[in-house]
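**Q** I need the structure of the sequence given here:
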Amino acid sequence: MDIQREIRQEFVMFSLIFFTLTVAFFLMLVHYSKEDKTPVFAQFTEGSLTPSPTLTPPTPTPTESGRAETPTSLPTLTLTVMLTNTPAPTAVLTNTPIPIPTESGPTPTTSVSTLGGTYPSQILNLSDWKLTLPTGKSKSPTEITQPELAKYNNDPWFLVAQGGVRFRAAVNGVTTSGSGYPRSELREMTNEGKEKASWSSTSGIHTMAIEQAITAVPQKKQHVVAGQIHDSDDDVIVIRLEYPKLYVNVDGKNKYTLDANYTLGKRFTVKFEVKDGQTKIYYNNASEPSYVLSKNYSKAYFKAGDYTQSNCSKEGSGLCNDSNFGEVVIYQLSVTHQ
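**A** As a prediction, this is how the structure comes out:
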């Protein structure tokens, strides 16, 4: 840079001047020593001679750019030699670095939202849901409600992974009092998660759309539920994988095959639409429903996530562990009521 080059030039110039002054000073000492017949080192011991050079630095000339321009002519040097007992001044060298300006601005910071988020609530809108996990005490699984759910994850059962939100339930997980199977599953709520959702199939229009993938099944009983409508008594209709077949299941019976050879990890979309006593299931954004259930029910609510359809009694003691599980990844989830 220009500033560093100018500094180096001025340092070389000053060194030459200092060397010239030193030589002249010693020549002068020899001259006075011959006249006084006094050894040079004796004079230094007595402090009888002290050089006091005065250096007049060049005056920088400002330019239009605001940077000082170094004069091309040599500085004027004045040498004064005095006989005094004052100690010679000591030169001090400093190592203070010269700041070098840069054109780059501050380092940009990346927000959590730009990275996709660290909590599931930053991937999916969970304001009107509560979460049930396969952990806790027997018949009393862990439940997470709002506002805690907004900043909650639980590795490995509920967290951001694979570009979505991962729900996992191992076959040895804690179950609810009304089921023998574990779950890592959302239950629909209202009023920002404060109240349980409850609606009727004969009043209004109720929809839930999910984009998801089933990514794991238990080793023996390879069944997983990945989305359902529940009423006050039991499930009304569910999306169920009995690997490798993906079904619409009603009252425990498979009513319609959505995919006869489903591959684990394959994304699919499913939409539940309830209106006028009819529940329609749309698969992979089809314009026509794949299945229609005509049934009146009330006190209904949506559920989404992983409801593993196996347990230790089904798998056997050798497979009753955390490494044997069902798993679902949800990429998009939306619910509307009209």
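**Q** From one end of stretch 123-134 to the other, what's the distance?
**A** 22 Å (Cα to Cα, to the nearest Å).
**Q** Please, where are all the strands along the stretch 101-250 of the chain?
**A** Counting by DSSP state E, counting those that start in this stretch, one finds strands in the stretch 101-250 of the chain at the ranges 129-137, 140-144, 158-161, 164-170, 183-190, 195-196, 205-216, 223-230, 235-242, 245-250.
**Q** could you check the angle strand 129-137 makes with the fifth one?
**A** Yep, that's strand 183-190 we're talking about. If you take axes from the mean of the first three to the mean of the last three Cα atoms, to 10 degrees, strand 183-190 sits at 140 degrees to strand 129-137.
**Q** Mind giving me the packing neighbours of strand 183-190?
**A** strand 129-137, strand 164-170, strand 195-196, strand 301-308 (3 or more Cβ pairs under 8 Å, 6 or more residues apart in numbering; DSSP states H and E). In this view, the C-beta of every residue, glycine as well, is placed from N, C-alpha and C.
**Q** Need those in TSV (columns: mean pLDDT).
**A** Formatted as TSV, the helices and strands packed on strand 183-190 follow (pLDDT from 0 to 100):
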stretch	mean pLDDT
strand 129-137	98
strand 164-170	98
strand 195-196	98
strand 301-308	98
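**Q** Output the ones you listed in a markdown table; the columns should cover distance to T20 and mean neighbour count.
**A** A markdown table is the format used below for the helices and strands packed on strand 183-190 (distance: least, Cβ to Cβ, whole Å; neighbours: other Cβ atoms under 10 Å):
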| stretch | distance to T20 | mean neighbour count |
| --- | --- | --- |
| strand 129-137 | 85 | 21 |
| strand 164-170 | 78 | 28 |
| strand 195-196 | 93 | 12 |
| strand 301-308 | 87 | 26 |
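**Q** Restrict stretch 141-152 to CA atoms and write it as PDB.
**A** Output of stretch 141-152 as PDB, limited to C-alpha atoms (Å, rounded to 0.1, in the frame of the first residue of the first chain):
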ATOM      1  CA  PRO A 141     -46.200 -40.400  28.600                       C
ATOM      2  CA  THR A 142     -44.600 -37.000  28.400                       C
ATOM      3  CA  GLU A 143     -46.800 -34.200  27.000                       C
ATOM      4  CA  ILE A 144     -45.500 -30.900  25.800                       C
ATOM      5  CA  THR A 145     -47.900 -28.000  25.300                       C
ATOM      6  CA  GLN A 146     -47.600 -24.300  24.300                       C
ATOM      7  CA  PRO A 147     -45.700 -22.100  25.000                       C
ATOM      8  CA  GLU A 148     -43.000 -24.700  26.000                       C
ATOM      9  CA  LEU A 149     -43.500 -26.500  22.600                       C
ATOM     10  CA  ALA A 150     -42.400 -23.400  20.800                       C
ATOM     11  CA  LYS A 151     -38.800 -23.900  21.900                       C
ATOM     12  CA  TYR A 152     -38.700 -27.600  22.400                       C
END
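**Q** What are the buried residues along that stretch?
**A** P141, T142, I144, Q146, L149, Y152 (16 or more other Cβ atoms under 10 Å).
**Q** who's in contact with the closest residue to T263 other than its chain neighbours?
**A** In space, and not counting its chain neighbours, T263 is closest to P244: 7.3 Å by Cβ to Cβ, 6 or more residues apart in numbering. Residues in contact with P244 (Cβ atoms under 8 Å, 6 or more residues apart in numbering) are A260, N261, Y262, T263.
**Q** Name the nearest of those residues relative to V174.
**A** Each of the contacts of P244 was scored against V174 by Cβ to Cβ, and Y262 proved nearest at 27.9 Å.
**Q** lowest confidence element among the helices and strands of the chain?
**A** helix 40-46 (a mean of 37; mean pLDDT, DSSP states H and E).
**Q** what does the model give the nearest residue to Y152 once chain neighbours are set aside for pLDDT?
**A** Leaving aside its chain neighbours, Y152 sits nearest to I144 (5.3 Å; criterion: Cβ to Cβ, 6+ apart). Listed pLDDT for I144 reads 98.
**Q** No more questions from me, cheers.
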